[in-house]
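Visitor: Sequence and predicted structure are below.
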Amino acid sequence: MTRFPAMKSGWLLLVFSALSCFSFSHAAPPKADTSAALANAEALLRGRFDNREQVDKDPHDNGQALAHVTVAIEPAPQKNWSLWHVHVQTDAESSFDQTWAMQARVEYDGSGSLVPNYQLHQTAGPAAATFDPQGWLSLEACALRGKFEKDKLTGISEGEPCVAVSMSVGARRALLPVGFTREGEWLHLDMNLRNVRTRIDAKRVP
């Protein structure tokens, strides 16, 4: 009978040791150099992109004329911010413009994300030099989450949460990217043009 307490103590020590090893082996990996990842993402995104080649090759999508889309991305003075100037021309007489402020982040799990922000009453395309994030509203639910790699960036927003929150943007939500891939010369965008998920293949231009 006198051995049981000692045996129990021994077992408890073994259990605690095992749990400690498990805890250390499953600890979160050290964070990568987030500054380098964000700087790389900014450099890859910067530029002007045009889907003219896509329009000329296949001018119709789902029986309708494929919209001509250009996206000019420029860095803002504030760190990890950029302005996306989106221009969409659906026909010879109809065109639409919207500028989104994108905040780049590296999340706790090492993934990358772009969080879109918008102005309530945007009547003209804002300039990066005078950009102030305090005057913009976040669309956190529409964050484009994915991977920030050396030569490739990807991200996609969650469907239902983004649809719900983007209703406050009004008709301009059609110009909001809900998915993107940036690689090589191309910026591939998913947009809900005419309430239809549309793939835009825009090539970098001078």
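Guide: That came through fine.

Visitor: drop to CA atoms for contacts and neighbour counts, all remaining ones
Guide: Will do.

Visitor: most centrally placed residue in the protein?
Guide: Geometric centre of the chain, nearest residue: Leu144, 2.7 Å, by C-alpha atoms, centre = their mean.

Visitor: Any idea which helix or strand in this structure has the lowest mean pLDDT?
Guide: In the chain, no helix or strand scores lower on mean pLDDT, DSSP states H and E than helix 3-25, which sits at a mean of 42.

Visitor: Now the element after that one, going C-ward?
Guide: helix 34-45 (DSSP states H and E).

Visitor: State the next helix or strand along the chain beyond that next one.
Guide: Of the helices and strands lying after helix 34-45 in sequence (DSSP H and E), the nearest is strand 47-50.

Visitor: Pull out the buried positions in the helix or strand following that following strand.
Guide: Under the assignment DSSP H and E, the closest C-terminal helix or strand after strand 47-50 is helix 52-57. For helix 52-57, burial by neighbour count (16 or more other C-alpha atoms under 10 Å) applies to 52, 54-55.

Visitor: And those residues, which is closest to Pro126?
Guide: Arg52 (24.5 Å; C-alpha to C-alpha).

Visitor: what residues are up against that closest one?
Guide: Neighbouring residues of Arg52 by C-alpha atoms under 8 Å, 6 or more residues apart in numbering: 68-69, 202.

Visitor: ok, Arg173 to Trp186 distance?
Guide: 23 Å (C-alpha to C-alpha, to the nearest Å).

Visitor: For the closest residue to Thr181 other than its chain neighbours, give me its contacts.
Guide: Residue nearest to Thr181 in three dimensions, not counting chain neighbours: Thr154, with 4.4 Å by C-alpha to C-alpha, 6 or more residues apart in numbering. Contacts here follow C-alpha under 8 Å, 6+ apart; on that basis Thr154 touches 144-148, 179-182.

Visitor: thinking again about what came up before, I'd like to know the beta-bridge partner residues of the residue nearest to the centre of the chain.
Guide: The partner list for Leu144 in beta bridges (DSSP bridges) reads Leu114.

Visitor: again with Phe180
Guide: Assigned bridge partners for Phe180, using DSSP bridges, are Gly155, Leu189.

Visitor: Go ahead and confirm it touches Ile156.
Guide: Yes - with contact defined as C-alpha atoms under 8 Å, Phe180 counts as touching Ile156 (6.4 Å).

Visitor: Common neighbours of the two, please.
Guide: Contacts common to Phe180 and Ile156, judged by C-alpha under 8 Å, 6+ apart, are Leu144.

Visitor: higher neighbour count, those two?
Guide: Phe180 (23 against 20; other C-alpha atoms under 10 Å).

Visitor: Quick check: nearest residue in space to Gln54, chain neighbours excluded?
Guide: Distances taken as C-alpha to C-alpha, 6+ apart put Asp201 closest to Gln54, at 6.3 Å, once the chain neighbours are dropped.

Visitor: May I have the distance across stretch 67-80, first residue to last?
Guide: One end of stretch 67-80 to the other measures 30 Å (C-alpha to C-alpha).

Visitor: quick one: contacts of it?
Guide: By C-alpha under 8 Å, 6+ apart, stretch 67-80 touches 38-39, 42, 45-52, 55, 81-91, 103-105, 128-129, 131, 200, 202.

Visitor: Mark which of these are buried, thanks.
Guide: Looks like those have 38, 42, 45-52, 55, 81-88, 90, 103-105, 128, 131, 200, 202 buried, using 16+ other C-alpha under 10 Å.
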